Structure formats: C-alpha cells, structure tokens
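Colleague: Here is a sequence with its predicted model. Questions after.
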Amino acid sequence: MKKLLCLQNISVAYQQQNIVSDINFDLIEGDISCLLGPSGCGKTTVLRTIAGFEKPTAGSIKLKDRIISNPEYVVPPEKRKIGMVFQDFALFPHLSVEKNITFGLDKKNHQSNLQRCNELLRLINLTGMNDKYPHQLSGGQQQRVALARAMAPRPEILLLDEPFSSLDVELREQLAREVRQILKLENITAILVTHDQHEAFAMADKVGLINEGKLIQWDTPYNLYHKPATRFAADFIGQGEFIAGEYIGDNRIKTEIGIIKGDVPAQCKLGCKLDLLIRPDDIIHDDDSDFKLEIVERLFRGADFLYTLKLDSGGTLICIASSHHDHKLHEKLGVNFDVSHIVMFPQLNDSAG
Amino acid sequence: MTWYNSTMYDSAPATRTTFLSRFFSKITFDRWHITVLVIAFICALPILSVLSFVFRPTGEVWQHLADTVLTEYVINSLLLIIGVSFGTLTMGITTAWLTSVCRFPGRKVFQWMLLLPMALPAYIIAYTYTGMFDVAGPVQSGIRTWFDVSYGEYWFPEIRSVWGATSMLSLVLFPYVYLLARAAFLEQSVVALEASRSLGSGLWRSFFQVALPMARPAIITGLSLVLMETLADFGTVQYFGISTFTTGIFRTWFGLGDSTAAAQLSAILLIFVFFLITIERLSRKQARYHHVSNREKAYQRITLTGKKAWLATSACFLPLFFGFILPVIQLIVWAIETYEDMVDKEFISLVMNSLGLAVAAAILALVLALIMGYGQRLQKTPLIQFAVRVSSLGYAIPATVIAVGVMLPMAWLDNTLDSWMRVQFNYSTGLLFSGTLFALMFAYMVRFLAVSVGTVEAALGKIKLSMDDTARSLGLKPLQVLTLVHMPIMRRSLITAVLLVFVDVLKELPATLILRPFNFNTLAVKAYELASDERLADASTAALSIVLAGIIPVILLSQSINRGRS
C-alpha cells in the first residue's frame, strides 16, 4: 500500500476566482479512483492540474515523494510521465493506429515499440488493426486506441477525462467494464473524471465526490452510497427522499412512517429535529402490509416498477416493486420498512441541533 | 517560463471584470508574447509612419496640391467608388441569385466560372481592352472599314476615361460580391423564402423583400472588399491617365520628390480605407446573426424555361465573357504573335525574379503566420489577439501607401546609420535598406500577411485543444506539438496559404514598382512598362503568365465551394 500521488490543499483560481479549493487526497498504487460531481464542479480542473496543464494557486502535488506542482513551479506536462485520455479521444487523424499508439515512445527503438504496440492491441482486442486510420474505427474502437496510446509509455498514473461520455449509452457500461479489466491487468493507477455515478461505481475503487470546487467525500462507492458525509452527497448519490423526524431518546426517532432506530448524530439532543434519507431499497413492497400509501406516479422500467408514493405530510417516497405488481395510479400500495442503517442529518433551521 | 498558466478552458467562469483589467491582468511577457508583439509592431510601422504625417506642418508642395489637383483626386475617387459599386452589385447579385436559386442551362459551370475574372489583375484587363477598343484597335478599325467612315466621323466611347476604369474594375471585382452574396443566399433558410411565397409574394417580391435584406450584411462585406481594391488600384488609373490618390502619391513622391506631401496624401487615403474597414467589420458581425441556416440541401431550385432560361444564361455569361474570356483570348492571340521575340533570356530572368520573390514572400509569410497563429493558441490573451488583428490590417491598405510607409522609416534608418558610421568610423554605409529586396519583402509582408494568418488561424481553429494536451502528456514540447501534430494535420491549409500569397505577390504592381531595387524587374512590372510604352502585344506573354498563376486561387476557391455543397 504505497502512496503514489498526494494532493495537499490544492486550489486553482482564474482571475482571483477559485475554481477548486483545498483539495486533499492520496492515491495508492494500483488503485482506480474517480472524481465524481455535477458538471462545472471543478473535477476536470483537478485532473488538468494533476496533468500539469493548470498551475495551482495554493498547495502542492507530490508524485512518488517528488513535488511536481506548487504555486512557484510546475513540471511541464511532457516531463511528468502522466498519461491522459480525453473526452473526445483526440486521436491524431493523420497517423495510423500503430503510429498513434507509439507516438509517445522513443522513436529509436522501432522493434520494441512495435512489440509494445501489438501487446496493447491484443489487450484492447484490436489485434491486426495497426494500419487503420482513426476515421476507419468505430467510437468504441477509437476510445480503446486512445487508452492504449496513453498506456504505451507506461505512465505512473493514467488520467481519464469523461472517457465514455461521447459514446452510446449501451456501449458505455460494457466499455467501462472492459477498461477496468485492462487497467487492472496492467496494474495501472488511474483517476477517472465523470458526472455519471454508475460509471464511477463500475470503475473505481475509491470515489471523490466534488461539489462547487470542494472535495465533499473521499471514500469507497459502498460508503458513499450508504454513509454519505453530507446532505449533498446523500442527495447526489442514488435515489431517495428526505422525511422529517424527531429524536425521542434511546437512539429512536419518531417519524410519520413510525419509530425508527438508528445512530443519531452525537450533537443531537432529545427533541432535536432530523431529516432522514429513505432510499428505495429501504422500502419493501408488501400487498399484505397495513401501511398503505397512495401512488402518485408510476414508471414502468421493464424489470420493475418505480412508484412514487405520497405521504400524509405531502412528502414523497420512492418504492421499487417487481414488474409483476402492476398497480394503478392513485391506488393505495402496501409497504414495509427495512431501515437498518439509516442516514440522517440535523434539520438546517433547527436551533436545537 | 510557463506556457500553460493562462490557457483558458471552458470550465473557467465568466468574470465581470472590465475590459482594461482583462487586457492587462494576464500578461506574462514570455517569448511568445514578445515575438508576436514585435511582428505586429513591425507590420504596423508603415501605417503608423504614414499616419504620423497627418500632424506635420504642410509644405509648399502640399499647398500646391491642395490648390490644383486635390479636388480632382477626391472627385475621381468618389466617381470610381460609385460606379464600381453600381457595376459590381448589379453583376454580383444577379449572378449570385440566379446560380443559387434557379435552374437554367449552364448553371453548374457558371457557379465556379464566375470566379475566373478574379484571376485578371485590373491593370492587365485595362490595357487588353485598350488594345481592342482604341482608335487603332480591331473594333474601331472594323467599324471604319465596314461603314467606310474615318476617325472623328463616328461616335465611340473613349476607353481611357473614368467610366472605362469603372468598367474594368467592375468586371474583375464583381466576383467578390458574387461569392459572398451567393454564400448568403445559400445559407438562408429555405423556409423564409418559401414562407414568403406561400404568403402570396411572387418570386420578384420575395427576392426584394426577403432574400436581399437577409443577405445584405454579406453583400456589404463583399462590396467593402471591392471598394478597398478600387481605392488601392494603381495600374488601371495610371494607365488610363486618371488622377486619383494612388497616382497622386506616386507622382508627388517621384515627380515632385516631396515625401512629406506624398505621406500626407497617403494619410487622407487611409481615412477612406479605415472607413471601409469599419463598415466591413460591422457588417461581418451582423452577418453572423443573420445566418440562421438550414443548409441548402433542401433548396428546391426554380426551373427556368424558354425565354427566361435564355435570359438567365446570358446574364451569367456576359460578365464572364467580358470579364475573362474575351480579354484572355486577346492575350492569347497577342502572345502567339509575339512570344518568339519575347521569350528570351530577359524573359527567363523576369520569371525567375518573380518566382523567387513570390516563393520567398510566401514562405516567410507562412512562418510568420504560424508564429502568430500558434502564439495566439498558446496564449489567448486580449493583447495577443489585438496584435494578430493589427498584423492583418495590411490587406486593406493600398500597396502604394504601404510602399510610402516602408520607404519613410527605411530612409530614416539608412540616413541615421550612415551619418553615425561616418562620424564614428569615417565610413559611409550608403543605402542599406531602402531600394533593396529587403524593403520590398517588408512591404509584401505588411500587405499579405493577413492572407496567410487568416488561413492558418482557420486551420488551427479546427484542431481540438485536446490534441495539444494529448501530445504534451505524451512527452512533446510546445514547439514539437506545432511541427509534429499541427502542421501535418493542416498540411492542405498550409499549402493553400503559401499558394495564395505566392499569387498575390506575383500580381502585385505598385509596391513592386516603387520599392524594387534599380534594374530589378518582375513579370508584373514588365507587363506594365511594356503596356505603358504602347507595346500592348509585347506585354501579353508576361501578362498571360500572371493570369495563369492567378487561376490557381480561383481553382482552390471553387473546390471549397463544391466541397461545401456535398
């Protein structure tokens, strides 16, 4: 478990305006991590700063204990041994697949370059495509060539900037799996930037959630979903709705769907108001249940139904039911609750909290 | 030095800073800034030195000019502007409208052939027509033989007149209007025109009420280019003996030997030109908002039949015939008669001089344009963008003015250097810069850099910024990115840039005439000199060579037209 890359208090600003501020995280060798966040949150800026295209206004970046970026000095991108794959692939249109892949290699070792190229082509399942040109390839093939090109010089770290966003939705999941496999096979340390949480979960060992230029949480995908650190994280990751509750002591919270047990935040005193995150997987559809709620929206998704249920207080909950349970709109749906590890936050305007 | 600290990407927020603070906030004076600024300053030097004369006290010669010929210059220039506007608009818009919305015999051929008149420099068409329509020419001789009359007994328009010059300039310049109007008509939404017709307007009304107003910004852009060329024309008016600013500047400098007065005349001409530049810029801006395009593919052309089809065909054929076919045939006839005498050692050296100059200028312009374009890509600061615009200003400035503007600082430099050397080392350097190829090359750069900068800028703009970043992350230095990635990708555009400047230099007359070293001749100068000596037929070989070269950019243009259509 060796630390390969260290970001310490990184801030980047344009014209005195911070794009990202105070970003800290470490990268362990061989790990695939992901920067996740809504568009415009600054995740790409972090990536470009790691690559050396942007200069930090504060903080430093260390690669293998060597400082490669700080406000005084930035090692130029061509001298960092950090590979990058771009959203639009940026394959050189005037060069063949082989020339593209060997672009970053020392031109003198023709034989070993060819060997490396063929090895990578086998890895990305494009054996024998050496002499094709980028325009003769499909989107998915171009994407894999771009990956091979970035991997060819054996970079210390591979950066991938929204690598799947210009591809068809069906292609994306398949490629994300394939790319993860390739990276793991070559034991490459990589950072992926995306706004798509499914992509992040499919690819990454560690996910960094970024919002408005700040790193909200750096954690495993499982923890990010089940133990979101902030209200934003809870909202952004996965589906779910907040319902109001009141702490009645002994780790019990009174809500309109009943008394719920859970770990109440330490600062919470008796009687303090809380918001509880109810995810669809906390709600189990049960026609025999006495607890019934009105269906206000139904969405057929093939394998299942997504029902939006109305609470008496006016709030809503989301329930996923098997495809065979076809209920009409405004019908009452019976549900049970399985709230074993509930996520809760003190209410924003609650002075007791 | 860092290259990348101020690269702007779309993730950067739009800040509400004032223009000035934006202008200066990001300046890091690295080598790109310095190089680009130096090139821009050198390009602006001739214009600045001419403008500096506006505030000099006027001399005796100026007083004389103002009393005698200045009014004539202004009136003649205005007459030319009005006449050429009328001529180019009529021919340009008619042909553009017909070829873009109608179907008639020959439309496809006319589409690109109508650009051919651009290949003829105005001074060449002027003396060709003089040869044909002059008293001794075949047309008037024919009239005299046929009707058995002698000179003076019949009326025939005098070609060496303001209207003659107007016709000559209109015939070779209307393609500018044609080109831009046509593009505008094609980019207009089909729907607008069809809506107008479905609302009950006929084709004519639809044209005047919908199509023409929508194309107006583009047409004005084309017209301002035409008028810049008109004001810049020297060869035609000089040959026809019409006094305008360009001939006046030439005469004041060489005839009266008064550089101050020549510079002051140039400055007045520049005011006209800046007025045109402003109009052009404004209408270009407007044109962007007017093009709500739906692409032309859906354009259902209106098929013309019978008399209408014939009218359309002739409306396109006549400008082409008089603007290209007829004069070129005449040139070919003359060349066949005279080439044996004309193609000799001297002619070979003319060709070598012209080619050498043109090749050198084209390559130098390309190198400078690459520096400007790539510098601008690396450092997109307002200062660099301003510098690039300044360096491209020369395309609008008459070559006569540029020549004066080049001579002034060069002469100053020579005199200063000479007297300093004499004082310090008792050695006279004489004229090191003025009257050398260096001065000529300088003028060409000022005048034509815009052509190559424009081409390089457009080509670089099409290459995504991620290409640069990829190449950098794979280990290339910024200059290697230019040579190993950008230049191979834009190879075609680079060749185009070289060709365009090459042809422009080959055709260039007034600056070459003024700045060339003693006894150094080019094809253009020789053709002009022979024509001035009334050796029209002898001038044809040189002229025809220039025209042939001039066809190259026309082919390039017509290719891009066809590519745009597929």
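Modeller: Arrived safely. Numbering: from 1, shown residues only, chains lettered A, B, ... in the order given.

Colleague: Name the nearest residue to B:M467, sequence neighbours excluded.
Modeller: Counting by Cβ to Cβ, 6 or more residues apart in numbering or on different chains, A:A90 is the residue found nearest to B:M467 once chain neighbours are left out, at 5.0 Å. Yep, even glycine has a C-beta here, placed from its N, CA and C like the rest.

Colleague: Starting from A:E98, give me the distance back to the closest residue to A:L105 other than its chain neighbours.
Modeller: Leaving aside its sequence neighbours, A:L105 sits nearest to A:N113 (Cβ to Cβ, 6+ apart; 4.7 Å). Separation of A:N113 from A:E98 (Cβ to Cβ, to the nearest Å): 9 Å.

Colleague: Mutual contacts of those two, please.
Modeller: Between them, A:N113 and A:E98 share no contacting residue under Cβ atoms under 8 Å, 6 or more residues apart in numbering or on different chains.

Colleague: Share the number of residues neighbouring A:N251, please.
Modeller: Here the number of neighbours of A:N251 (other Cβ atoms under 10 Å in any protein chain shown) works out to 12.

Colleague: just to revisit the earlier point, next up, phi/psi of the residue nearest to A:L105, please.
Modeller: Reported as degrees, to the nearest 10, the phi and psi values for A:N113 are phi -60, psi -50.

Colleague: Could you report the distance from it to A:R231?
Modeller: 52 Å.

Colleague: So which bits of chain A are right by chain B?
Modeller: Within chain A, the residues that sit near chain B (Cβ under 8 Å from any Cβ of the partner chain) are A:14-15, A:17, A:19, A:40, A:42, A:44-45, A:48, A:51-55, A:74, A:76-80, A:82-84, A:86-88, A:90, A:92-94, A:103-104, A:149-150, A:153, A:159.

Colleague: which of the residues you listed count as buried?
Modeller: Buried by 16 or more other Cβ atoms under 10 Å in any protein chain shown: A:14, A:19, A:40, A:42, A:44-45, A:48, A:51-55, A:74, A:76-78, A:80, A:82-84, A:86-88, A:90, A:92, A:103-104, A:149-150, A:153, A:159, out of the residues of chain A next to chain B.

Colleague: if I read this right, B:Q140 contacts B:D134, doesn't it?
Modeller: Yes - with contacts counted by Cβ atoms under 8 Å, B:Q140 reaches B:D134, the gap being 6.9 Å.

Colleague: Give me the more crowded residue out of those two.
Modeller: Under the neighbour definition other Cβ under 10 Å, B:Q140 and B:D134 were set side by side, and B:D134 has more, 19 against 16.

Colleague: Test my guess that that one contacts B:P157.
Modeller: No - if you go by Cβ under 8 Å, B:D134 and B:P157 don't touch, sitting 11.3 Å apart.

Colleague: in chain A, which spans are helices?
Modeller: For chain A, the helices defined by DSSP state H cover A:43-51, A:97-101, A:110-123, A:139-151, A:169-185, A:197-203, A:221-226, A:231-236.

Colleague: quick one: the fifth one to helix A:110-123, angle?
Modeller: Read that as helix A:169-185. Calculated by axes from the mean of the first three to the mean of the last three Cα atoms, to 10 degrees, helix A:169-185 forms an angle of 130 degrees with helix A:110-123.

Colleague: got the angle between helix A:169-185 and helix A:139-151?
Modeller: Between helix A:169-185 and helix A:139-151, the angle comes out at 20 degrees (the same axes, to 10 degrees).

Colleague: residues contacting residue 42?
Modeller: If you meant another chain, say so; for now it's chain A. A:V12, A:I19, A:V20, A:I210, A:E212, A:G213, B:S11.

Colleague: Oops, wrong one, chain B.
Modeller: B:F442.

Colleague: That one belongs to a strand?
Modeller: No - counting by DSSP: H, G, I helix; E, B strand; the rest coil, B:I42 is not part of a strand but helix.

Colleague: next one: the helix or strand containing B:S49 to chain centre, how far?
Modeller: Per DSSP states H and E, B:S49 falls inside helix B:31-51. Distance of helix B:31-51 from the chain centroid (Cα atoms, centre = their mean, to the nearest Å) equals 21 Å.

Colleague: just to revisit the earlier point, in terms of neighbours, single out the busier of A:N113 and A:R231.
Modeller: A:N113 (19 against 16).

Colleague: Okay, and which of the contacts of A:G42 map to strands?
Modeller: A:V12, A:I19, A:V20, A:I210 (DSSP state E).

Colleague: measure the third one to A:E212 for me?
Modeller: To tie it back to what came earlier, the one meant is A:V20. In terms of Cβ to Cβ, A:V20 sits 9 Å off from A:E212.

Colleague: who's more crowded, the two?
Modeller: A:V20 (26 against 15).

Colleague: just checking, that one touches A:I210?
Modeller: Yes - counting by Cβ under 8 Å, A:V20 touches A:I210, with 7.5 Å between them.

Colleague: Between the two, which contacts overlap?
Modeller: Common contact partners of A:V20 and A:I210 (Cβ under 8 Å, 6+ apart): A:G42, A:V46.

Colleague: For chain B, what is the nearest residue in the stretch 151-300 of chain A?
Modeller: A:P153 (6.7 Å; Cβ to the nearest Cβ).

Colleague: Surely that residue and B:L474 touch.
Modeller: Yes - the criterion here is Cβ under 8 Å, and A:P153 meets it with B:L474 at 6.7 Å.

Colleague: Between the two, which contacts overlap?
Modeller: Common contact partners of A:P153 and B:L474 (Cβ under 8 Å, 6+ apart): A:G83, A:G104.

Colleague: excluding its backbone neighbours, what's nearest the residue of chain A found nearest chain B?
Modeller: For chain A, the residue closest to chain B is A:G104, as judged by Cβ to the nearest Cβ, at 3.3 Å. In space, A:G104 comes closest to B:L474 once its chain neighbours are excluded; the distance is 3.3 Å by Cβ to Cβ, 6+ apart.
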